[in-house]
Structure formats: C-alpha cells, structure tokens
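Asks: how would this look folded up:
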Amino acid sequence: MRNIIFLMLTLFPVITFAELQIDNAWIKNLPPTVPVRAGYMEVHNPGTEAISIVAFSSDAFSSIDAHITVMKNGMMNMEHLSEITVEPGTTLMLEPGGMHLMMHPLKPTTAGETITVELEMSDGTQQTLLFSVRP
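Replies: Modelled structure (predicted):
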C-alpha cells in the first residue's frame, strides 16, 4: 500500500493553490432605475506569492469589472483595471472613492440578500465568495 501511495505522489505531485481571504464583501443597494451597483471588500493574501484576480462573474450580474477612482485634471474619473494584484502578506481595500467593482445587475437587488460571485485568478483557479447587499 505504501508503494502505491509513493508512486501516486511521484506521478501526480500535490499542487496547492493559495486562496485569498476576503472579508466584508458587500454591494451598495440602489433604486431599480440605477443600472449599476458598486461592490466592495477587503482582500488579504496570506501566501508567499502575489495573487492576481483577472475576472469576476455571477449569475446575478451581466458583467462585473474592477475600477479605480483617480483624480485627473481636477476631475474624479474611474479607470478600468484589467486585474487586481494582491501582494503576499498584504490587504487590499476595495472601498467607496477608491478601488471597487462595477456590477451590472440582471434584476434589481434587494437589501439583505446575499449574492454569490466567482473570482478567477491568473493561474486559472477560482474562488467563490458571498456579497451582502446593504442599504
């Protein structure tokens, strides 16, 4: 039996992927006439290598994109981010007035509901998280 386990570990090495620790994931609820929602969260990377989130998806939204609010020529503007990289041992804040998610709902959101969102990392791994909808 030991030989079989050793052979399997040799032929199929164990691969582990670091997961991000996500806290305080929430979506700002807005009136149904507003076509977009903003998503926020705290993202911590407890690992030893940088982790890049390259895509977001959810059955509740037609699209989800990362943006950052920046000051340009005296005006606040939103810039699209193609990925969000979290360095090892750091926490990245997605918050009002800074980095955030722009989410286009397929139906109106309701305060108190929980919405599942999938994150896709640059290495192809995925992570599921729950966002609470707040007033």
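
Asks: For the spatially most central residue of the chain, which three-state class applies?
Replies: Centroid-nearest residue in the chain, with CA atoms, centre = their mean: L119, separated by 5.0 Å. The three-state assignment at L119 reads strand, by DSSP: H, G, I helix; E, B strand; the rest coil.

Asks: I'd guessed it sits against F131; true?
Replies: No: in this structure L119 lies outside contact range of F131 using CB atoms under 8 Å: 11.3 Å. Where C-beta positions appear, they are placed from N, C-alpha and C, glycine not excepted.

Asks: quick one: the helices in this structure?
Replies: Remark: helices assigned in the chain by DSSP state H are 2-11.

Asks: Flag the shaky bits of it, pLDDT-wise.
Replies: For the chain, the stretches flagged by pLDDT under 70 are 1-18.

Asks: Extract the C-alpha trace of the lengthiest strand in it and format it as PDB.
Replies: Longest strand of the chain, by residue count under DSSP state E: strand 61-72. Only the C-alpha atoms of strand 61-72 are listed here, as PDB (Å, rounded to 0.1, in the frame of the first residue of the first chain):
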ATOM      1  CA  PHE A  61     -24.900  40.300 -13.000                       C
ATOM      2  CA  SER A  62     -24.300  40.600 -16.700                       C
ATOM      3  CA  SER A  63     -20.800  41.900 -16.100                       C
ATOM      4  CA  ILE A  64     -18.500  42.800 -13.200                       C
ATOM      5  CA  ASP A  65     -15.400  44.900 -13.800                       C
ATOM      6  CA  ALA A  66     -12.800  46.300 -11.400                       C
ATOM      7  CA  HIS A  67     -12.300  50.100 -11.400                       C
ATOM      8  CA  ILE A  68     -10.300  52.700  -9.500                       C
ATOM      9  CA  THR A  69     -11.300  56.300  -8.900                       C
ATOM     10  CA  VAL A  70      -8.500  58.700  -9.700                       C
ATOM     11  CA  MET A  71      -8.100  62.500  -9.800                       C
ATOM     12  CA  LYS A  72      -7.200  63.700 -13.400                       C
END
